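Colleague: whatever this is, show me its structure:
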Amino acid sequence: MNVKVNDNVLVIAGKDKGKQGKVLATSPKANTVTVEGVRIQKKHEKARKANETSKIVEVPGPIDASNVMVVCSACGKAVKVKHAVENGKKTRVCGKCGAVLDQGFVKKSKAAAAVETEAPKKRTRKRVQKVEAPVEEAPVEETAAPVEEATEKPAKKTSTRKTTAKKAAKPEDNE
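Modeller: The predicted structure is shown next:
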């Protein structure tokens, strides 16, 4: 197949002839593509939850891949796709102007990826001096009695096993 996902295509045959759209999905085994806004089908969706309602949804259906042509982003025309080898990679090329159609999906070579991993950039954080503005304090009026701060003593940690054992032992000593 010469058509890939996210390609802009023109429908050249069928009831939607002349429409342009973006390819949403491809199926190479069935030789079909799903184009946005083409071959709209109505699907009935049942409510799955209590707060949902049943509805009829319009979904684009698949059409044969031979009924679409790729639109070149450089010349803006529907073109036949040619293949060329650039830098050891097979790429799709516009049949009219020769522009590369696979620009968005070009992968980095292993050598370029290795160079990036060997020399990572150091992250340095610039330190900014904080300047504090003088804060004017308002005079405090004493209308109520000063509040005493409560001092709490930390609770002693005791095991429940030891205390129950001691409590059980004490009544026996008293008898």
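Colleague: tell me who's in contact with the closest residue to His44 other than its chain neighbours.
Modeller: Leaving aside its sequence neighbours, His44 sits nearest to Ile56 (C-beta to C-beta, 6 or more residues apart in numbering; 5.6 Å). C-betas here are computed from N, CA, C, even on glycine. Residues near Ile56 by C-beta atoms under 8 Å, 6 or more residues apart in numbering: 42-45.
Colleague: scan those and report the most crowded one.
Modeller: Within the contacts of Ile56, most neighbours by other C-beta atoms under 10 Å means Glu45, with 12 neighbours.
Colleague: care to break this protein down by domain?
Modeller: As given by automatic domain parsing, the domain ranges for the chain are 1-47+54-71, 73-105.
Colleague: buried sites along stretch 54-74?
Modeller: Buried residues in stretch 54-74, counted by 16 or more other C-beta atoms under 10 Å: 60, 62-63, 65, 67-72.
Colleague: next, the distance between the ends of it.
Modeller: 44 Å (C-alpha to C-alpha, to the nearest Å).
Colleague: change the start of the numbering to 4 and stick with it
Modeller: Understood, numbering begins at 4; the last thing we discussed is stretch 57-77.
Colleague: what's the pLDDT at Asp105?
Modeller: Listed pLDDT for Asp105 reads 84.
Colleague: count of neighbours near it?
Modeller: By other C-beta under 10 Å, neighbour count at Asp105 equals 15.
Colleague: mind listing what Arg25 touches?
Modeller: Careful, residue 25 is Lys; it's not Arg. Here Lys25 is in contact with 9-12, 38-39 (C-beta under 8 Å, 6+ apart).
Colleague: that one: which element?
Modeller: Using DSSP states H and E, Lys25 sits within strand 23-30.
Colleague: buried residues in that strand?
Modeller: Those would be 24, 26, 29, for strand 23-30 by 16+ other C-beta under 10 Å.
Colleague: partner strands of it, parallel or antiparallel?
Modeller: Sheet pairing of strand 23-30 (DSSP bridges) gives strand 11-14 (antiparallel), strand 35-38 (antiparallel).
Colleague: which residues does the first one contact?
Modeller: Same thing as strand 11-14. 6, 20-26, 36, 38, 41, 66, 70-74, 76, 81.
Colleague: now it: average pLDDT?
Modeller: On average, strand 11-14 scores 96.
Colleague: equivalent analysis for the last one, please.
Modeller: Strand 35-38 shows an average pLDDT of 97 in the prediction.
Colleague: and stretch 69-82, end to end?
Modeller: End-to-end span of stretch 69-82 (C-alpha to C-alpha): 13 Å.
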